[in-house]
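Novice: I need the structure of the sequence given here:
(one chain, ligands or ions: 1)
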Amino acid sequence: MRPEARTQAAIELLDQIIAAARDQGAAADTLIARYFAARRYAGSKDRRAVRELVYDAIRLLGERPASGRAAMLALARRQPDLTAHFGAGDYAPEAIGTDEAVAEAGVAPQWLVDALAESGVTEAQQAALLDRAPLDIRVNPLRAKIEDVAEALGEGEAIAAAPLGLRLPGEHRLERHPLFESGGFEIQDAGSQAVTLASAAGPGMLVVDLCAGGGGKTLAMAAMMANRGRIVASDSDRARLSRLPARAERAGVSIAETRLLNPGREAEALADLTDSADVVLVDAPCSGTGTWRRNPEARWRLTPDRLARLTGLQARLLDMGAALVRPGGALIHIVCSLLDSEGRGQVDAFLARHPGWEAVPLVLPAGSAHGKGMRLTPASDATDGFFVARLTRPC
Ligand SMILES: C[S@@+](CC[C@H](N)C(=O)[O-])C[C@H]1O[C@@H](n2cnc3c(N)ncnc32)[C@H](O)[C@@H]1O
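Specialist: Below you'll find the model as predicted:
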(Lines give C-alpha, C1' and ligand atoms only; values in the text may rest on other atoms or scores of the structure.)
Protein backbone atom coordinates (compact mmCIF):
# COMPACT_ATOMS: atom_id res chain seq x y z
CA MET A 1 0.00 0.00 0.00
CA ARG A 2 1.19 3.50 -0.74
CA PRO A 3 1.51 5.85 2.27
CA GLU A 4 -1.60 7.84 1.25
CA ALA A 5 -3.61 4.59 0.96
CA ARG A 6 -2.54 3.69 4.50
CA THR A 7 -3.81 7.06 5.69
CA GLN A 8 -7.15 6.45 3.94
CA ALA A 9 -7.34 2.98 5.55
CA ALA A 10 -6.73 4.55 8.96
CA ILE A 11 -9.58 7.00 8.33
CA GLU A 12 -11.94 4.16 7.39
CA LEU A 13 -10.96 2.21 10.49
CA LEU A 14 -11.36 5.23 12.73
CA ASP A 15 -14.90 5.69 11.36
CA GLN A 16 -15.68 2.13 12.44
CA ILE A 17 -14.02 2.56 15.84
CA ILE A 18 -15.92 5.81 16.49
CA ALA A 19 -19.25 4.14 15.63
CA ALA A 20 -18.42 1.12 17.81
CA ALA A 21 -17.48 3.37 20.74
CA ARG A 22 -20.79 5.22 20.39
CA ASP A 23 -22.89 2.05 20.10
CA GLN A 24 -20.89 -0.16 22.55
CA GLY A 25 -19.72 -2.26 19.60
CA ALA A 26 -16.50 -4.24 19.07
CA ALA A 27 -13.11 -3.17 20.44
CA ALA A 28 -10.64 -1.31 18.19
CA ASP A 29 -8.28 -4.31 18.02
CA THR A 30 -11.11 -6.56 16.83
CA LEU A 31 -12.18 -4.06 14.18
CA ILE A 32 -8.60 -3.70 12.93
CA ALA A 33 -8.21 -7.50 12.72
CA ARG A 34 -11.50 -7.79 10.78
CA TYR A 35 -10.55 -4.95 8.44
CA PHE A 36 -7.32 -6.64 7.39
CA ALA A 37 -8.86 -10.12 7.26
CA ALA A 38 -10.97 -8.71 4.41
CA ARG A 39 -7.92 -7.07 2.72
CA ARG A 40 -5.37 -9.81 2.25
CA TYR A 41 -3.37 -7.60 -0.15
CA ALA A 42 -2.15 -5.55 2.82
CA GLY A 43 1.27 -6.76 3.97
CA SER A 44 2.55 -6.85 7.53
CA LYS A 45 4.30 -3.47 7.15
CA ASP A 46 1.05 -1.92 5.90
CA ARG A 47 -0.90 -3.39 8.79
CA ARG A 48 1.61 -2.14 11.33
CA ALA A 49 1.71 1.34 9.80
CA VAL A 50 -2.08 1.68 9.62
CA ARG A 51 -2.49 0.36 13.16
CA GLU A 52 0.05 2.90 14.39
CA LEU A 53 -1.79 5.76 12.68
CA VAL A 54 -5.10 4.62 14.15
CA TYR A 55 -3.74 4.34 17.69
CA ASP A 56 -1.80 7.63 17.41
CA ALA A 57 -5.08 9.33 16.51
CA ILE A 58 -7.02 7.62 19.30
CA ARG A 59 -4.38 8.57 21.89
CA LEU A 60 -4.35 12.16 20.69
CA LEU A 61 -8.10 12.76 21.01
CA GLY A 62 -9.86 12.83 24.36
CA GLU A 63 -13.40 13.34 23.09
CA ARG A 64 -14.91 10.88 20.62
CA PRO A 65 -14.34 12.68 17.27
CA ALA A 66 -17.12 13.35 14.76
CA SER A 67 -15.42 11.27 12.04
CA GLY A 68 -12.28 9.38 11.13
CA ARG A 69 -11.36 12.20 8.81
CA ALA A 70 -11.62 14.83 11.56
CA ALA A 71 -9.43 12.56 13.70
CA MET A 72 -6.81 12.12 11.00
CA LEU A 73 -6.75 15.84 10.25
CA ALA A 74 -5.99 16.42 13.94
CA LEU A 75 -3.15 13.89 13.73
CA ALA A 76 -1.85 15.62 10.59
CA ARG A 77 -1.40 18.79 12.64
CA ARG A 78 1.00 16.81 14.88
CA GLN A 79 2.53 14.80 12.03
CA PRO A 80 2.69 17.32 9.15
CA ASP A 81 3.95 14.69 6.66
CA LEU A 82 0.43 13.26 6.66
CA THR A 83 -0.98 16.48 5.17
CA ALA A 84 0.59 15.64 1.80
CA HIS A 85 -1.40 12.37 1.64
CA PHE A 86 -4.72 14.20 1.32
CA GLY A 87 -5.66 14.55 -2.36
CA ALA A 88 -2.56 12.59 -3.46
CA GLY A 89 -4.21 10.15 -5.92
CA ASP A 90 -6.72 7.37 -6.43
CA TYR A 91 -6.39 5.60 -3.07
CA ALA A 92 -5.73 8.74 -1.05
CA PRO A 93 -8.12 10.66 1.20
CA GLU A 94 -9.78 13.60 -0.53
CA ALA A 95 -7.95 16.91 -0.59
CA ILE A 96 -8.34 19.02 2.54
CA GLY A 97 -11.15 21.53 2.09
CA THR A 98 -11.36 24.99 3.56
CA ASP A 99 -13.04 25.13 7.01
CA GLU A 100 -12.96 21.34 7.49
CA ALA A 101 -13.74 20.08 10.98
CA VAL A 102 -10.60 19.04 12.87
CA ALA A 103 -10.98 17.09 16.12
CA GLU A 104 -9.51 18.58 19.29
CA ALA A 105 -6.59 17.05 21.13
CA GLY A 106 -7.10 16.16 24.79
CA VAL A 107 -6.66 13.52 27.46
CA ALA A 108 -10.33 12.57 27.87
CA PRO A 109 -13.82 14.09 27.73
CA GLN A 110 -13.97 17.09 30.09
CA TRP A 111 -16.28 15.41 32.63
CA LEU A 112 -13.74 12.58 32.96
CA VAL A 113 -10.76 14.94 33.20
CA ASP A 114 -12.65 16.70 36.03
CA ALA A 115 -13.43 13.40 37.77
CA LEU A 116 -9.78 12.31 37.52
CA ALA A 117 -8.60 15.66 38.92
CA GLU A 118 -11.12 15.36 41.78
CA SER A 119 -9.67 11.89 42.44
CA GLY A 120 -6.22 13.45 42.88
CA VAL A 121 -4.85 12.30 39.52
CA THR A 122 -2.40 15.02 38.47
CA GLU A 123 -2.07 16.25 34.88
CA ALA A 124 1.22 14.34 34.52
CA GLN A 125 -0.45 11.16 35.79
CA GLN A 126 -3.36 11.70 33.40
CA ALA A 127 -0.99 12.13 30.45
CA ALA A 128 0.90 8.94 31.41
CA LEU A 129 -2.40 7.01 31.17
CA LEU A 130 -1.97 7.35 27.40
CA ASP A 131 1.62 6.16 27.12
CA ARG A 132 2.32 2.92 25.31
CA ALA A 133 2.03 -0.07 27.63
CA PRO A 134 4.97 -2.44 28.03
CA LEU A 135 4.64 -6.19 27.64
CA ASP A 136 4.78 -7.90 31.04
CA ILE A 137 4.67 -11.57 31.89
CA ARG A 138 4.17 -13.41 35.18
CA VAL A 139 6.34 -16.44 35.60
CA ASN A 140 4.33 -19.37 36.89
CA PRO A 141 6.28 -20.90 39.79
CA LEU A 142 4.19 -24.09 39.50
CA ARG A 143 5.90 -24.76 36.18
CA ALA A 144 9.11 -22.71 35.91
CA LYS A 145 11.76 -20.63 37.64
CA ILE A 146 12.04 -16.95 36.85
CA GLU A 147 15.74 -17.20 35.99
CA ASP A 148 15.06 -20.03 33.51
CA VAL A 149 12.27 -18.08 31.81
CA ALA A 150 14.45 -14.97 31.68
CA GLU A 151 17.24 -16.98 30.09
CA ALA A 152 14.93 -18.69 27.59
CA LEU A 153 13.39 -15.37 26.49
CA GLY A 154 16.73 -13.64 26.49
CA GLU A 155 15.44 -10.12 27.03
CA GLY A 156 13.24 -9.93 30.13
CA GLU A 157 13.94 -7.30 32.77
CA ALA A 158 12.96 -7.66 36.43
CA ILE A 159 9.99 -5.46 37.46
CA ALA A 160 9.99 -3.70 40.84
CA ALA A 161 6.18 -3.97 41.09
CA ALA A 162 6.03 -7.71 40.50
CA PRO A 163 8.44 -10.22 42.02
CA LEU A 164 7.48 -12.90 39.47
CA GLY A 165 7.28 -10.45 36.57
CA LEU A 166 9.49 -9.85 33.57
CA ARG A 167 9.17 -6.89 31.21
CA LEU A 168 9.94 -7.47 27.56
CA PRO A 169 11.04 -4.77 25.14
CA GLY A 170 9.50 -4.44 21.67
CA GLU A 171 6.92 -6.70 20.11
CA HIS A 172 6.78 -10.41 20.89
CA ARG A 173 4.45 -13.18 19.81
CA LEU A 174 4.60 -14.94 23.12
CA GLU A 175 1.49 -17.12 22.76
CA ARG A 176 3.45 -19.46 20.46
CA HIS A 177 6.49 -19.71 22.68
CA PRO A 178 7.07 -23.30 23.93
CA LEU A 179 7.44 -22.02 27.52
CA PHE A 180 4.07 -20.30 27.26
CA GLU A 181 2.47 -23.42 25.82
CA SER A 182 3.85 -25.48 28.70
CA GLY A 183 2.52 -23.03 31.31
CA GLY A 184 5.86 -21.46 32.26
CA PHE A 185 4.41 -17.97 32.16
CA GLU A 186 1.25 -15.92 31.62
CA ILE A 187 0.94 -12.52 29.98
CA GLN A 188 -0.13 -10.19 32.79
CA ASP A 189 0.51 -6.53 33.56
CA ALA A 190 2.78 -5.94 36.56
CA GLY A 191 0.05 -3.89 38.27
CA SER A 192 -2.36 -6.79 38.00
CA GLN A 193 0.28 -9.04 39.54
CA ALA A 194 0.95 -6.56 42.36
CA VAL A 195 -2.69 -6.05 43.39
CA THR A 196 -3.32 -9.80 43.44
CA LEU A 197 -0.76 -10.01 46.25
CA ALA A 198 -3.27 -8.08 48.42
CA SER A 199 -5.26 -11.33 48.60
CA ALA A 200 -2.44 -12.93 50.65
CA ALA A 201 -3.87 -16.21 49.34
CA GLY A 202 -1.98 -19.15 50.80
CA PRO A 203 -1.92 -22.97 50.71
CA GLY A 204 -5.07 -24.66 52.02
CA MET A 205 -7.36 -21.62 51.81
CA LEU A 206 -10.83 -21.40 50.31
CA VAL A 207 -10.75 -18.47 47.90
CA VAL A 208 -13.59 -17.05 45.80
CA ASP A 209 -12.57 -15.07 42.72
CA LEU A 210 -15.95 -13.46 42.17
CA CYS A 211 -15.25 -11.71 38.86
CA ALA A 212 -12.67 -14.13 37.53
CA GLY A 213 -13.02 -13.39 33.81
CA GLY A 214 -10.52 -15.60 31.97
CA GLY A 215 -8.76 -16.32 35.26
CA GLY A 216 -5.66 -14.09 35.20
CA LYS A 217 -5.83 -13.50 38.95
CA THR A 218 -7.21 -16.98 39.68
CA LEU A 219 -4.04 -18.50 38.26
CA ALA A 220 -1.82 -16.05 40.14
CA MET A 221 -3.58 -16.89 43.42
CA ALA A 222 -3.38 -20.63 42.70
CA ALA A 223 0.40 -20.22 42.40
CA MET A 224 0.47 -18.27 45.72
CA MET A 225 -1.42 -21.24 47.20
CA ALA A 226 1.12 -23.72 45.75
CA ASN A 227 -1.92 -25.35 44.11
CA ARG A 228 -3.25 -26.47 47.52
CA GLY A 229 -6.73 -25.51 48.75
CA ARG A 230 -9.72 -24.50 46.64
CA ILE A 231 -10.56 -21.57 44.37
CA VAL A 232 -14.10 -20.96 43.14
CA ALA A 233 -13.77 -18.78 40.04
CA SER A 234 -17.06 -17.18 39.02
CA ASP A 235 -18.14 -14.69 36.38
CA SER A 236 -21.30 -13.78 34.52
CA ASP A 237 -19.58 -13.90 31.13
CA ARG A 238 -19.67 -17.43 29.80
CA ALA A 239 -17.13 -16.83 27.01
CA ARG A 240 -14.53 -15.32 29.36
CA LEU A 241 -14.96 -17.92 32.06
CA SER A 242 -14.78 -20.76 29.55
CA ARG A 243 -11.14 -19.88 28.85
CA LEU A 244 -10.11 -20.70 32.40
CA PRO A 245 -10.08 -24.54 32.43
CA ALA A 246 -7.61 -24.82 29.53
CA ARG A 247 -5.41 -22.07 31.00
CA ALA A 248 -5.50 -23.79 34.40
CA GLU A 249 -4.50 -27.10 32.89
CA ARG A 250 -1.60 -25.53 31.04
CA ALA A 251 -0.51 -23.77 34.25
CA GLY A 252 -0.63 -26.95 36.34
CA VAL A 253 -3.51 -25.59 38.45
CA SER A 254 -5.97 -28.23 39.63
CA ILE A 255 -7.63 -26.35 42.54
CA ALA A 256 -9.77 -23.95 40.48
CA GLU A 257 -13.42 -24.69 39.64
CA THR A 258 -15.63 -22.40 37.59
CA ARG A 259 -19.17 -21.21 38.28
CA LEU A 260 -21.16 -19.24 35.76
CA LEU A 261 -23.30 -16.57 37.42
CA ASN A 262 -26.68 -15.36 36.27
CA PRO A 263 -26.55 -11.52 36.22
CA GLY A 264 -28.90 -10.16 38.89
CA ARG A 265 -29.11 -13.59 40.56
CA GLU A 266 -25.39 -14.17 41.20
CA ALA A 267 -25.83 -14.98 44.89
CA GLU A 268 -27.95 -18.07 44.12
CA ALA A 269 -25.05 -19.92 42.50
CA LEU A 270 -22.76 -19.10 45.44
CA ALA A 271 -25.17 -19.68 48.34
CA ASP A 272 -23.33 -22.83 49.52
CA LEU A 273 -20.22 -20.68 50.19
CA THR A 274 -21.93 -18.26 52.57
CA ASP A 275 -19.72 -17.30 55.57
CA SER A 276 -17.02 -19.76 54.49
CA ALA A 277 -14.33 -18.16 52.30
CA ASP A 278 -10.96 -17.15 53.70
CA VAL A 279 -10.63 -14.63 50.88
CA VAL A 280 -13.11 -13.21 48.38
CA LEU A 281 -11.50 -11.26 45.57
CA VAL A 282 -13.75 -8.79 43.75
CA ASP A 283 -11.85 -7.69 40.65
CA ALA A 284 -14.85 -5.64 39.73
CA PRO A 285 -16.09 -4.57 36.29
CA CYS A 286 -15.05 -0.92 36.04
CA SER A 287 -14.47 2.04 33.75
CA GLY A 288 -10.92 0.84 33.00
CA THR A 289 -9.44 4.36 33.28
CA GLY A 290 -6.25 2.68 34.51
CA THR A 291 -5.88 0.65 31.32
CA TRP A 292 -6.15 3.39 28.72
CA ARG A 293 -2.55 2.60 27.73
CA ARG A 294 -3.91 -0.66 26.29
CA ASN A 295 -7.44 0.44 25.33
CA PRO A 296 -7.26 4.18 24.66
CA GLU A 297 -10.62 4.19 22.84
CA ALA A 298 -12.27 3.25 26.16
CA ARG A 299 -12.32 7.04 26.84
CA TRP A 300 -14.70 7.39 23.89
CA ARG A 301 -17.07 4.76 25.30
CA LEU A 302 -17.52 5.89 28.86
CA THR A 303 -20.48 8.12 29.76
CA PRO A 304 -21.62 9.41 33.17
CA ASP A 305 -24.58 7.01 32.94
CA ARG A 306 -22.39 4.02 32.23
CA LEU A 307 -20.07 4.96 35.09
CA ALA A 308 -23.06 5.23 37.45
CA ARG A 309 -24.24 1.75 36.38
CA LEU A 310 -20.74 0.37 37.02
CA THR A 311 -20.42 1.89 40.49
CA GLY A 312 -23.86 0.48 41.38
CA LEU A 313 -22.80 -2.98 40.20
CA GLN A 314 -19.50 -2.74 42.10
CA ALA A 315 -21.32 -1.95 45.36
CA ARG A 316 -23.69 -4.88 44.78
CA LEU A 317 -20.81 -7.28 44.05
CA LEU A 318 -18.92 -6.13 47.17
CA ASP A 319 -21.99 -6.78 49.33
CA MET A 320 -22.45 -10.16 47.71
CA GLY A 321 -18.77 -11.02 48.19
CA ALA A 322 -18.94 -9.92 51.86
CA ALA A 323 -21.66 -12.49 52.52
CA LEU A 324 -19.26 -15.27 51.45
CA VAL A 325 -16.39 -14.23 53.75
CA ARG A 326 -15.95 -16.25 56.95
CA PRO A 327 -15.59 -14.38 60.26
CA GLY A 328 -12.01 -13.06 60.30
CA GLY A 329 -11.68 -13.54 56.53
CA ALA A 330 -10.96 -10.86 53.93
CA LEU A 331 -12.68 -9.18 51.01
CA ILE A 332 -10.39 -7.63 48.40
CA HIS A 333 -11.70 -4.81 46.23
CA ILE A 334 -9.78 -4.21 43.00
CA VAL A 335 -10.55 -1.88 40.12
CA CYS A 336 -8.30 -0.97 37.19
CA SER A 337 -9.52 2.59 37.55
CA LEU A 338 -8.19 5.76 39.14
CA LEU A 339 -11.61 7.27 39.76
CA ASP A 340 -12.43 7.57 43.45
CA SER A 341 -16.07 6.75 42.82
CA GLU A 342 -14.93 3.22 41.89
CA GLY A 343 -12.06 2.82 44.36
CA ARG A 344 -11.57 4.84 47.50
CA GLY A 345 -15.18 6.07 47.62
CA GLN A 346 -16.55 2.58 47.00
CA VAL A 347 -14.58 1.27 49.99
CA ASP A 348 -15.70 4.13 52.26
CA ALA A 349 -19.31 3.43 51.29
CA PHE A 350 -18.85 -0.31 51.92
CA LEU A 351 -17.44 0.32 55.41
CA ALA A 352 -20.38 2.62 56.18
CA ARG A 353 -22.80 -0.15 55.13
CA HIS A 354 -20.96 -2.90 57.05
CA PRO A 355 -20.24 -1.88 60.64
CA GLY A 356 -17.42 -3.88 62.22
CA TRP A 357 -15.55 -4.46 58.97
CA GLU A 358 -12.11 -2.82 58.74
CA ALA A 359 -9.70 -1.81 56.01
CA VAL A 360 -6.24 -3.10 56.81
CA PRO A 361 -3.08 -1.33 55.61
CA LEU A 362 -1.43 -3.09 52.69
CA VAL A 363 2.23 -3.70 51.98
CA LEU A 364 2.67 -4.23 48.26
CA PRO A 365 5.75 -3.97 46.05
CA ALA A 366 4.17 -0.99 44.24
CA GLY A 367 1.65 1.77 44.79
CA SER A 368 1.01 4.36 47.45
CA ALA A 369 -1.62 4.77 50.13
CA HIS A 370 -4.88 6.25 48.84
CA GLY A 371 -7.82 6.51 51.19
CA LYS A 372 -8.25 3.15 52.88
CA GLY A 373 -6.40 1.30 50.14
CA MET A 374 -3.54 1.69 47.68
CA ARG A 375 -3.30 3.15 44.24
CA LEU A 376 -0.92 2.28 41.40
CA THR A 377 -0.46 4.56 38.40
CA PRO A 378 1.52 4.30 35.17
CA ALA A 379 3.40 7.51 36.06
CA SER A 380 4.42 6.46 39.58
CA ASP A 381 4.65 2.69 39.32
CA ALA A 382 5.17 1.94 35.61
CA THR A 383 2.10 -0.31 35.73
CA ASP A 384 -1.51 -0.03 34.64
CA GLY A 385 -3.57 2.08 37.03
CA PHE A 386 -5.30 0.25 39.89
CA PHE A 387 -6.97 0.80 43.23
CA VAL A 388 -6.92 -2.06 45.76
CA ALA A 389 -8.16 -2.41 49.34
CA ARG A 390 -8.25 -5.29 51.81
CA LEU A 391 -11.32 -5.37 54.07
CA THR A 392 -11.58 -7.79 56.96
CA ARG A 393 -14.70 -9.20 58.56
CA PRO A 394 -14.87 -9.08 62.35
CA CYS A 395 -14.37 -12.47 64.08
C1 LIG B 1 -11.85 -6.64 35.56
S2 LIG B 1 -12.65 -7.95 34.81
C3 LIG B 1 -11.96 -9.35 35.62
C4 LIG B 1 -10.58 -9.73 35.16
C5 LIG B 1 -10.06 -11.01 35.76
N6 LIG B 1 -10.23 -11.06 37.20
C7 LIG B 1 -8.60 -11.22 35.43
O8 LIG B 1 -7.73 -11.03 36.30
O9 LIG B 1 -8.31 -11.57 34.27
C10 LIG B 1 -14.26 -7.88 35.48
C11 LIG B 1 -15.09 -9.09 35.24
O12 LIG B 1 -16.34 -8.91 35.88
C13 LIG B 1 -17.28 -9.67 35.18
N14 LIG B 1 -18.64 -9.30 35.58
C15 LIG B 1 -19.43 -8.31 35.13
N16 LIG B 1 -20.62 -8.33 35.74
C17 LIG B 1 -20.60 -9.35 36.62
C18 LIG B 1 -21.54 -9.90 37.53
N19 LIG B 1 -22.76 -9.38 37.67
N20 LIG B 1 -21.17 -10.95 38.28
C21 LIG B 1 -19.93 -11.50 38.15
N22 LIG B 1 -19.01 -11.04 37.28
C23 LIG B 1 -19.33 -9.98 36.53
C24 LIG B 1 -16.94 -9.39 33.74
O25 LIG B 1 -17.46 -10.38 32.89
C26 LIG B 1 -15.42 -9.39 33.79
O27 LIG B 1 -14.89 -10.62 33.43
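Novice: was I right to think Asp209 contacts Met225?
Specialist: No. In this structure, Asp209 is not within contact of Met225 by CB atoms under 8 Å, at 11.6 Å. Every C-beta, even on glycine, is put in place using the N, C-alpha and C of the backbone.
Novice: for those two, list the residues in contact with both.
Specialist: Residues touching both Asp209 and Met225 (CB atoms under 8 Å, 6 or more residues apart in numbering): Ile231.
Novice: remind me which residues of this protein are low pLDDT?
Specialist: Within the chain, the ranges that satisfy pLDDT under 70 run 171.
Novice: domains of it?
Specialist: Following automatic domain parsing, the chain resolves into domains at 3-106, 135-187, 190-392.
Novice: on that earlier part again, okay, Asp209 and Met225: which has more neighbours?
Specialist: In this view Asp209 and Met225 are compared by other CB atoms under 10 Å, and Asp209 has more residues nearby, 31 against 23.
Novice: check the burial of the closest residue to Leu241 other than its chain neighbours by counting its neighbours.
Specialist: What sits nearest to Leu241 in space, not counting adjacent residues and going by CB to CB, 6 or more residues apart in numbering, is Asp235, at 4.3 Å. Asp235: 25 surrounding residues under other CB under 10 Å.
Novice: show me the contacts for Asp235.
Specialist: Contacts of Asp235 by CB under 8 Å, 6+ apart are 211-213, 241, 258, 260-261.
Novice: of those, just say which sits nearest to Tyr55.
Specialist: In terms of CB to CB, no member of the contacts of Asp235 lies closer to Tyr55 than Gly213, at 23.6 Å.
Novice: residue contacts, that closest one?
Specialist: 235, 237, 240-241, 283.
Novice: can you check Asp275 too?
Specialist: Counting by CB under 8 Å, 6+ apart, Asp275 touches 323-327.
Novice: restricted to buried residues, select these in ChimeraX.
Specialist: Filtering the contacts of Asp275 down to the buried ones (16 or more other CB atoms under 10 Å) takes a single ChimeraX command:
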select :323,324,325,326
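Novice: for the protein, which residues are neighbours of the ligand?
Specialist: The chain has residues 211-214, 216-217, 235-237, 240, 261, 263, 266, 283, 285 near the ligand, with proximity defined as CB under 6 Å from any ligand atom.
Novice: show me the strands in the chain, by range?
Specialist: 135-139, 157-159, 162-168, 185-187, 206-209, 230-235, 256-260, 277-283, 325-335, 358-360, 368-370, 373-376, 386-392 (DSSP state E).
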